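>>> Sequence first, then the predicted structure:
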Amino acid sequence: MIIASFAEVLLLPHQDMKRIKGIILFAAVVSFISCGSAKQATSTIVGGDYDAKKDITEYFVFPYGQVSIPGKWEKTSYNSASRQQFFRNDESVNIAVSFGPYDKYEFNKDGSLKGYEFVEAYYEWESKYFVSNGLECKILETDKANKHILFRVFGNKFDTYFLVCEKNGFVSNFSINATDKWTEQQKVDFLKSLL
């Protein structure tokens with residue numbers, strides 16, 4: 001084992017002490033330089049669980065957001081690029097939830113778009129991508145006061161409903177993937193219940 005006690009270090013020959021001091025100094029300088037030059041990342045705490053008494057599934061990504069999802073939902077997969085956590089219920093309905101800062105989107109790196117203005121820009125950015133891939137987009141509901149847009153993307157065996165909102169610099173994105181188990185109104189009502 002290479003771990004040495006303080007007393008053992010004090011008894012090292014002068015040459016070895018100089019080497020150890022040099023290594024410590026080098027490590028300190030590298031740490032200092034990397035702290036100053038690298039962008040700071042935000043640490044997150046992710047958690048949640050099903051509460052049988054309330055019949056809701058709690059999910060949170062601290063400090064970005066949290067949601068209480070009606071019913072029992074199991075985590076299935078996670079897409080780190082889009083920060084989407086996917087869930088499935090006992091009816092095999094699939095939903096996705098993501099939270100993040102509003103200034104981490106390529107169209108808003110400077111953070112100039114906030115509130116409903118951000119949500120509109122998000123829809124434009126997202127719909128351009130989907131349309132360029134042969135899909136159609138349709139806004140189902142807008143709410144400027146509560147800063148959200150509910151829209152549908154469909155075509156080519158793809159049918160997903162999205163609810164995107166921004167509050168205090170954080171974006172919540174909820175979606176329901178293709179399912180014939182729920183009507184359009186049930187999907188819309190479910191997504192709105194997540195706000």
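That came through, no problem.

>>> just the strands in the chain please.
45-47, 50-51, 56-62, 65-70, 74-79, 84-88, 94-101, 136-143, 148-155, 158-167, 170-176 (DSSP state E).

>>> As CSV, the ones you listed with distance to Lys114, mean pLDDT and mean neighbour count would be great.
Placement of C-beta: from N, CA and C, glycine included. Shown next, in CSV, are the strands of the chain (distance: least, C-beta to C-beta, whole Å; pLDDT from 0 to 100; neighbours: other C-beta atoms under 10 Å):
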stretch, distance to Lys114, mean pLDDT, mean neighbour count
strand 45-47, 25, 96, 10
strand 50-51, 33, 97, 14
strand 56-62, 20, 97, 18
strand 65-70, 16, 97, 17
strand 74-79, 25, 97, 12
strand 84-88, 23, 98, 18
strand 94-101, 11, 97, 21
strand 136-143, 15, 97, 14
strand 148-155, 14, 97, 19
strand 158-167, 7, 97, 21
strand 170-176, 11, 98, 21
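
>>> buried stuff in stretch 120-136?
Under the neighbour-count criterion of 16 or more other C-beta atoms under 10 Å, stretch 120-136 has 120-123, 126-127, 130, 135 buried.

>>> sorry, back to before: okay, the strands of the chain in CSV with distance to Gly115 next?
Formatted as CSV, the strands of the chain follow (distance: least, C-beta to C-beta, whole Å):
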stretch, distance to Gly115
strand 45-47, 26
strand 50-51, 31
strand 56-62, 21
strand 65-70, 16
strand 74-79, 26
strand 84-88, 23
strand 94-101, 14
strand 136-143, 11
strand 148-155, 10
strand 158-167, 6
strand 170-176, 11
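
>>> what's the closest of the ones you listed to Phe107?
Judged by C-beta to C-beta, the one of those that comes nearest to Phe107 is strand 170-176, at 12.0 Å.

>>> Walk me through the domains of the protein.
Domain segmentation of the chain under automatic domain parsing yields 6-37, 45-193.

>>> can you give me how far the last one is from the chain middle?
From the chain centre to the centre of domain 45-193 is a distance of 10 Å (C-alpha atoms, centre = their mean, to the nearest Å).

>>> Start and end of that domain, how far apart?
24 Å (C-alpha to C-alpha, to the nearest Å).

>>> any idea of the pLDDT on Ala41?
Listed pLDDT for Ala41 reads 79.

>>> ugh, wrong one, I meant Ser31
Confidence at Ser31, expressed as pLDDT, is 43.

>>> try Ala178
So Ala178 comes in at 84 (pLDDT).

>>> list the contacts for it?
Contacts were defined as C-beta atoms under 8 Å, 6 or more residues apart in numbering; by that measure Ala178 touches 157-160.

>>> closest to Gln85 among these?
When the contacts of Ala178 are compared against Gln85 (criterion: C-beta to C-beta), the nearest one is Thr160, at 15.4 Å.
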